[in-house]
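# let me see the structure of the following:
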Amino acid sequence: MKTYTYTMDVGRTWNCAAGDATCLINAITLANGSGNPEIIQLAAGIYTLPTLDSTNHGPLLPVIQGNITINGAGAQSTILRSNNRPQDTGITEFETFHVDEGATLQLTGLSMMEVGRSIRNKGVVTLQEVTVSDNQGVGPGIVNERKGTLTMQKTTVTKIADSFLGSFSGAPIQNDGHMDIMESVIKGNRSETVAAILNGSTAVMTVQRSTIADNQTFESGASGIKNFGYMELSRSLVQNNKGQGTPGIENRGEMLISRSVITGNESTEFGWDGGGIFNGGTGTLTISQTVIANNTATLRGGGLYNQSHLTLDRTIIAGNEAGE
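Model prediction:
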């Protein structure tokens, strides 16, 4: 017999035994209605979430409407996963956590694997030492909507949007609100158009001390970062991304890059300009104390191609190659 421990008093912890997904679902439901900040503690184990069908398209867990913290025992040992592979269920777009406007969710020390889109946020979300991996579907990964605020620290997003269904239109990380990424890794993701980070026209994003590497696109787009809004990238590495569009960074908004390294990014056979960085449209780009080296473009601007407003300060551009 499974044992559930729920405490309705503020400041107490609701404990779920190893792998007890029913406990997690019930605890979220009760926490939503308590009116207090609540904590759910997950023991180490694999938590298999509900299976979707023609009458249930998700989310996999109750919609977050309160102030909830979910703590795992570590990303290697506390894993949320599902059996909802799109090629089996025919359902290609679903999420695990849906956070409503006005709600707050903090996730610490856990992994989300094979769970479709991990998070759709309209409220406030904090990810601390979380891993998001092996998700499949349309736009799987993390979506932060216009009114959302999302913070990622020491978090890994990897192996998202494999191309088994053909192509995908969504980025592993898509921001239309306010997002801060710190000490995190976005690596080894695959998509049709944007394989790592898409920052929308209404969005504000900062990326600090993070790595964006080994991501790949299969159509025109950006394999590393595509920015339409406001973005600051500092003390970060953008490396070994590949794609038919801009493999490194494509900026069409306002972007500041400082103390970073953009290296080893490569456009494939049908690529275009700017192996490391492409600045186009009405984009405004400021680069300072940065190295742009050993990038490759099939057309022009192996390291950097500029069509708009550009400021360079104490920046090294060296060892890049272009086809024209």
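
# below-threshold pLDDT in the protein: ranges please.
In the predicted model of the chain, residues 1-12, 53-58, 84-94, 136-140, 161-170, 270-271 satisfy pLDDT under 70.

# burial measure for residue 269, as a count.
6 (other Cβ atoms under 10 Å). Every C-beta, even on glycine, is put in place using the N, C-alpha and C of the backbone.

# chain neighbours aside, what residue packs nearest to it?
Once its chain neighbours are removed from consideration, residue 269 has its nearest residue in residue 298; the separation is 6.7 Å (Cβ to Cβ, 6 or more residues apart in numbering).

# check the gap between the one you found and residue 244 for me.
When distance is defined by Cβ to Cβ, to the nearest Å, residue 298 is 9 Å away from residue 244.

# likewise for residue 121?
30 Å.

# where is the longest helix in the protein?
The residue-count maximum for a helix in the chain (DSSP state H) belongs to helix 21-34.

# which strands and helices sit next to that helix?
With contacts taken as 3 or more Cβ pairs under 8 Å, 6 or more residues apart in numbering; DSSP states H and E, helix 21-34 sits against strand 13-16, strand 37-42, strand 45-48, strand 67-71.

# let's see 7 Å
Of the remaining helices and strands, those touching helix 21-34 by 3 or more Cβ pairs under 7 Å, 6 or more residues apart in numbering; DSSP states H and E are strand 13-16, strand 37-42, strand 45-48.

# tilt between that helix and strand 67-71?
The directions of helix 21-34 and strand 67-71 differ by 150 degrees, with axes from the mean of the first three to the mean of the last three Cα atoms, to 10 degrees as the criterion.

# please renumber so the chain begins at 51
Got it, first residue is 51 now, which makes that one helix 71-84.

# with just CA atoms, put helix 71-84 into PDB.
Presented in PDB, the C-alpha positions along helix 71-84 are these (Å, rounded to 0.1, in the frame of the first residue of the first chain):
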ATOM      1  CA  ALA A  71       3.600   9.900  -9.300                       C
ATOM      2  CA  THR A  72       0.000   9.800  -7.800                       C
ATOM      3  CA  CYS A  73       1.400  11.400  -4.600                       C
ATOM      4  CA  LEU A  74       2.900  14.200  -6.700                       C
ATOM      5  CA  ILE A  75      -0.400  14.800  -8.600                       C
ATOM      6  CA  ASN A  76      -2.400  14.900  -5.400                       C
ATOM      7  CA  ALA A  77       0.100  17.100  -3.600                       C
ATOM      8  CA  ILE A  78       0.000  19.700  -6.400                       C
ATOM      9  CA  THR A  79      -3.800  19.700  -6.300                       C
ATOM     10  CA  LEU A  80      -3.900  20.300  -2.600                       C
ATOM     11  CA  ALA A  81      -1.100  22.800  -2.700                       C
ATOM     12  CA  ASN A  82      -3.000  24.800  -5.300                       C
ATOM     13  CA  GLY A  83      -5.900  25.200  -3.000                       C
ATOM     14  CA  SER A  84      -4.100  25.800   0.300                       C
END
